[in-house]
Every structure is written in structure tokens, then in C-alpha cells.
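[1] What shape does this take:
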Amino acid sequence: MEKVLEVSLSQIVKDVEFPSHPPPFDYPFLSKAFFCRHGRDLFSCAASWFMVNVVFYNTNLVQSQLNHQYLPERKKLNAYQDAYNVARFQALLALCSTISGY
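    A predicted model of the protein is given here:
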């Protein structure tokens with residue numbers, strides 16, 4: 001720094017004073033001033049998490065009904081093929097639903 005700026009580092013440090021701690025907020029938590037300042041961010045974060053939870057948990061709740069409707073006839077398959085088809089379908093369903101939720 002001294003070579004580039006042609007100024008000693010001691011002069012730079014002396015010119016800038018850093019506060020020892022950030023200033024405290026002058027409004028209480030969950031007050032009107034808090035919601036005016038942070039309400040939009042708080043609401044958008046909560047709403048996005050709510051939408052992700054709705055999409056994710058609803059697909060988990062209805063997976064058994066979807067498995068019977070969209071998977072091929074299970075009587076003709078052995079246990080390994082059946083487990084593979086169910087796992088593949090559930091992974092595809094989770095991938096499609098959670099990506100759109102996120």
C-alpha cells in the first residue's frame with residue numbers, strides 16, 4: 001500500500017476512526033418502526049418459506065395416491081423393480097415440486 005499510494009500506513013490508520021461497536025437501534029423489537037423498516041423483508045421471507053412448505057409437504061402427503069395412479073401395474077414386477085420404480089417416481093416428483101417451490 002505504501003508503494004502504490006506513496007502514503008505511509010500510519011497516516012491512513014490515523015485518518016480513519018472506526019466505532020468500537022455499532023450504534024443501538026432506537027426502536028423496540030416488534031414495534032411499528034421495526035415493521036416499517038424490516039416488515040417487507042420479514043413478510044417476504046416468511047411467505048416464501050410457507051410456499052415451499054406447502055408444495056413440499058403436500059407432495060409427501062399425496063405420494064401414495066400418485067404412486068397408484070401413475071406407476072405401472074405392480075403385480076407383474078418383482079420387489080426390486082417395484083421399489084426402483086417407486087423411488088424413481090418419488091424422486092422425480094420431489095424434484096419437480098421443490099424446484100418450483102424454491
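[2] Longest helix in this protein, by number of residues?
    helix 32-70 (DSSP state H).
[3] what's the distance between residue 30 and residue 50?
    Residue 30 sits 19 Å away from residue 50, going by C-beta to C-beta, to the nearest Å. Yep, even glycine has a C-beta here, placed from its N, CA and C like the rest.
[4] cool, residue 77 as well?
    The gap separating residue 77 from residue 50 is 38 Å, by C-beta to C-beta.
[5] Looking at those two, which has the bigger crowd around it?
    Taking other C-beta atoms under 10 Å, residue 77 and residue 50 do not tie; residue 77 has more neighbours (14 against 10).
[6] Can you check the pLDDT for that one?
    Residue 77 carries a pLDDT value of 72.
[7] quick one: it and residue 85 touch, right?
    Yes: the pair residue 77 / residue 85 is scored as a contact, 7.1 Å apart, by C-beta atoms under 8 Å.
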